[in-house]
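A.B. asks: I would like the atomic coordinates for the input below:
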Amino acid sequence: MIVSTHRCRVLQGTVRYTATAAVSEKTAAAAPPPPPLAAAAAAAARGQASAADARVHGIVDDISGLTLLQAADLVAALKARLNIQEIAAPVAAAPVAAAPAAVEEAPVEEKPKEKTIFSVKLESFEATAKPKIIREVKALIPNLNLIEAKKFVESVPKTIKDNLPKEDAEKLKATLEALGAKVTLE
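C.D. replies: Numbering: from 1, shown residues only. All right, here's what the predicted structure looks like:
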């Protein structure tokens with residue numbers, strides 16, 4: 001995707017023309033040429049065209065016959081050859097009168113957003129409840145065999161599940177605490 005902008009400036013009898021295009025490859029081939037420059041045409045109509053103006057007018061006609069994609073390539077080549085850098089457009093200053101109005105308004109107290117997604121973390125467990133917790137962890141985590149579940153439970157503190165809604169996380173916490181584990185929600 002290429003951006004399309006056409007600018008014309010007449011400085012001391014010289015027409016400067018820059019163009020970039022904002023179309024896809026398909027539309028660029030079918031795009032009509034840009035309209036001729038009004039300033040150069042008006043000068044030629046008034047009879048003020050000199051030899052230099054005729055040459056510039058010929059260049060403008062040649063550029064006008066280019067597709068937008070070709071014009072964009074021309075602009076890039078000219079920028080490279082003439083060592084022209086992009087100039088950022090000036091940003092308008094913020095209105096100063098808006099600041100006092102904001103001060104007059106009463107500050108709105110924002111409540112902190114309630115957390116809705118939790119991670120369930122196994123902190124510790126009772127030694128007598130270890131086999132039950134291992135079986136529950138094996139059932140909760142897919143693709144865990146009994147040995148991996150045992151190693152998982154023995155390496156506490158560990159996160160059992162991530163990104164659970166509040167209701168599911170509280171159910172899981174209640175289930176594990178009923179078995180004898182200490183669980184936290186983060």
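
A.B. asks: so Thr175 makes contact with Ala139?
C.D. replies: No - the criterion here is CB atoms under 8 Å, and Thr175 misses it with Ala139 at 10.1 Å. The way it works is simple: take the backbone N, C-alpha and C, and place the C-beta from them, glycine included.

A.B. asks: Neighbours of Ala72, how many?
C.D. replies: Neighbour count for Ala72, taken as other CB atoms under 10 Å: 20.

A.B. asks: Contacts for stretch 162-171 next, please.
C.D. replies: Stretch 162-171 has contacts (CB atoms under 8 Å, 6 or more residues apart in numbering) with Lys115, Thr116, Ile117, Phe118, Ser119, Val120, Lys161, Leu172, Leu185.

A.B. asks: one more time with 7 Å, if that's ok
C.D. replies: For stretch 162-171, contacts defined as CB atoms under 7 Å, 6 or more residues apart in numbering pick out Thr116, Ile117, Phe118, Ser119, Val120, Leu172, Leu185.

A.B. asks: from those, which two are the most distant?
C.D. replies: Spatial extent of the contacts of stretch 162-171 (CB to CB) is set by the pair Thr116 and Leu172 at 15.3 Å.

A.B. asks: Between the two, which is the more surrounded one?
C.D. replies: The neighbour comparison of Thr116 against Leu172 (other CB under 10 Å) goes to Leu172, with 19 against 10.

A.B. asks: How about that one: what's its closest non-neighbour residue?
C.D. replies: Spatial nearest neighbour of Leu172, excluding adjacent residues (CB to CB, 6 or more residues apart in numbering): Val120 at 5.1 Å.

A.B. asks: Validate this expectation: that neighbour resides in a helix.
C.D. replies: No - Val120 is assigned strand when assessed by DSSP: H, G, I helix; E, B strand; the rest coil, not a helix.

A.B. asks: Please report the distance of it from Pro142.
C.D. replies: Counting by CB to CB, to the nearest Å, the gap from Val120 to Pro142 is 15 Å.

A.B. asks: Among those two, which residue is more densely surrounded?
C.D. replies: It is Val120, of Val120 and Pro142, that has more neighbours when counted by other CB under 10 Å, with 22 against 6.

A.B. asks: Which strand residues bridge that one?
C.D. replies: Lys161, Leu185 (DSSP bridges).
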